[in-house]
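Student: here is a sequence together with a model predicted from it:
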Amino acid sequence: MTTTREELIERTRAIAPGIAARAQETEALRAPMDETIKELIDAELMQVLVPKRFGGHELDLTTHAEIVEILGEACLSTAWIAAFYMGHNWMATRLSEKAQAEIFADRPFGLIPATTAPTFRATQVAGGFEVTGQASWGSGIMHADWVMVGGIVEGEGGFLFNVPIEDVEVHDVWHMSGMSGTGSNDLSLDNVFVPEHRTVEHREFSSGQSAGAALHAHNPLYSLPLLPFIYCEVIGLFSGGLRGATATFEETVRGRVRTHSGAAVRDSQHSHVQLGEAEAKALVAERLMRDQIRLTEELMGGAGFEMADRIRLKAHAGHLIDHCRRAVNDIMSEAGTTSFKTDSPIQRHFRDLNMLATHAFWDWPACREQLGRSRLGLEPTHPLI
């Protein structure tokens with residue numbers, strides 16, 4: 001029986017209030033809660049992008065983004081991990097057929113963190129590679145069953161290596177003021193043997209032209225270039241996070257009374273203006289999120305991704321993310337001192353969105369610079385396009 005987009009969205013909405021109620025506890029734990037991960041699995045969200053041949057739903061970027069948006073409104077730490085778990089199953093389809101069969105042997109999804117920067121070093125040996133190194137930002141490592149890492153093979157270039165969690169050492173270093181509940185700890189490998197079938201050249205992985213991706217040639221989703229996919233993978237976090245902050249701001253306006261005057265904030269014209277502006281910015285973010293998906297899917301179904309297209313997608317994502325960052329900062333400046341309490345969802349969305357906005361993949365100055373260069377007919381100067 002086929003699971004529909006509507007069913008997955010309904011299930012996500014059903015579990016979102018509980019996730020929101022646990023957001024502060026998740027932050028204190030510094031990792032996703034077992035209960036939350038179980039709910040995501042039981043709702044069958046993890047396999048949203050997994051091919052049907054492995055028992056997945058094989059749905060689309062829109063469904064993925066809308067699930068992430070709902071979760072982002074509830075808890076950005078949870079949404080970040082869920083976005084990666086769902087999206088990284090898509091990445092697994094770039095591995096060999098044998099590696100894919102291993103990942104999806106027992107259930108139609110893997111829980112797979114991925115650190116694609118080439119921070120590991122690998123030596124070619126009989127039947128595969130020995131891999132050593134350490135990486136930061138291991139989002140998803142706390143509940144992982146596989147881990148995908150990037151590395152350099154001397155004389156051969158960049159590769160991705162997929163290893164079982166049993167071969168990975170996790171370092172408890174995640175003490176952050178933003179996205180505190182993700183448990184994105186460091187991870188390391190020490191001369192771990194990785195068989196050849198669990199490796200893929202980084203060039204093929206990034207371009208979508210690997211032999212593994214060719215297994216799913218019936219669906220252009222699986223040959224999508226890496227970075228345009230990643231923007232779609234996470235973009236719902238930002239519109240969802242801003243929606244969460246806006247909803248909490250509205251609750252604050254409705255209930256807040258000024259300390260010295262006793263005046264109800266909801267009766268203030270200034271508050272009406274501020275709430276109206278916050279709501280308008282949230283609506284714009286939601287529209288921009290859907291435009292990001294639409295533009296990507298149009299290219300996916302058409303002539304492909306030329307460099308100018310990829311630069312425009314990067315700039316579009318960067319603009320949306322900067323818009324959300326500025327909007328949540330404006331909300332925080334108007335929400336009152338009480339909103340800085342550690343149990344206030346507004347301050348959590350404020351911290352989390354500001355941290356997420358600094359990610360190298362959608363660095364706003366770099367996005368603007370590369371778009372400007374493209375308009376002038378100049379070659380890109382940034383590696384992440």
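Tutor: Looks like it came in fine.

Student: and stretch 288-305, which residues are buried?
Tutor: 288-290, 292-293, 295-297, 299-300, 305 (16 or more other CB atoms under 10 Å). (Glycine included, C-beta is placed from N, CA and C.)

Student: show residues contacting that stretch.
Tutor: 60-62, 65, 69, 220-221, 224-225, 228-229, 231-232, 235-236, 238-239, 309, 312-313, 316-317, 319-320, 323 (CB atoms under 8 Å, 6 or more residues apart in numbering).

Student: how near is the residue nearest to Ala99 when sequence neighbours are not counted to Leu95?
Tutor: Spatial nearest neighbour of Ala99, chain neighbours left out: Arg198 (4.8 Å); criterion: CB to CB, 6 or more residues apart in numbering. Distance of Arg198 to Leu95, given as CB to CB, to the nearest Å: 7 Å.

Student: any idea how far Thr296 is from Gly72?
Tutor: Taking CB to CB, one finds Thr296 at 19 Å from Gly72.

Student: equivalent analysis for Gln370, please.
Tutor: From Gln370 to Gly72 the distance is 26 Å (CB to CB).

Student: look at these two and report which has more neighbours.
Tutor: Gly72 (32 against 25; other CB atoms under 10 Å).

Student: who's the closest spatial neighbour of the more buried one, skipping the chain neighbours?
Tutor: Gly240 (2.6 Å).

Student: how about Glu169?
Tutor: Per CB to CB, 6+ apart, closest to Glu169 is Ser188, 4.9 Å.

Student: and what of Ala317?
Tutor: Ala317's closest residue in space is Tyr231 (CB to CB, 6+ apart), at 4.1 Å.

Student: same check on Phe249?
Tutor: Nearest one to Phe249, counting by CB to CB, 6+ apart, is Ile331 at 4.9 Å.

Student: so between Arg198 and Leu95, which is more surrounded?
Tutor: A count of neighbours by other CB under 10 Å puts Leu95 above the other of Arg198 and Leu95, at 26 against 22.

Student: ok, the more buried one touching Phe161?
Tutor: No - in this structure, Leu95 is not within contact of Phe161 by CB atoms under 8 Å, at 9.8 Å.

Student: which residues do the two both contact?
Tutor: Joint contacts of Leu95 and Phe161 (CB under 8 Å, 6+ apart) are Arg198.

Student: please work out the average pLDDT along the helix or strand where Glu73 lies.
Tutor: For Glu73, the host element (DSSP states H and E) is helix 61-74. Averaging pLDDT along helix 61-74 yields 98.

Student: so what secondary structure elements neighbour that helix?
Tutor: helix 5-21, helix 76-92, helix 226-255, helix 269-300 (3 or more CB pairs under 8 Å, 6 or more residues apart in numbering; DSSP states H and E).

Student: at 10 Å what do you get?
Tutor: helix 5-21, helix 34-42, helix 76-92, helix 226-255, helix 269-300, helix 345-356 (3 or more CB pairs under 10 Å, 6 or more residues apart in numbering; DSSP states H and E).

Student: could I get the contacting residues of Thr342?
Tutor: By CB atoms under 10 Å, 6 or more residues apart in numbering, the contact list for Thr342 reads 24, 27-28, 348.

Student: please spell out which residues along the top strand by length along the chain are buried.
Tutor: The longest strand of the chain (DSSP state E) is strand 114-125. Of the residues in strand 114-125, 114-116, 118, 120, 122 count as buried by neighbour count, 16+ other CB under 10 Å.

Student: okay if I get those residues as a markdown table plus pLDDT and distance to Phe129?
Tutor: Output for the buried residues of strand 114-125, formatted as a markdown table (pLDDT from 0 to 100; distance: CB to CB, whole Å):
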| residue | pLDDT | distance to Phe129 |
| --- | --- | --- |
| Ala114 | 97 | 17 |
| Thr115 | 95 | 16 |
| Thr116 | 92 | 16 |
| Pro118 | 94 | 13 |
| Phe120 | 98 | 10 |
| Ala122 | 97 | 4 |
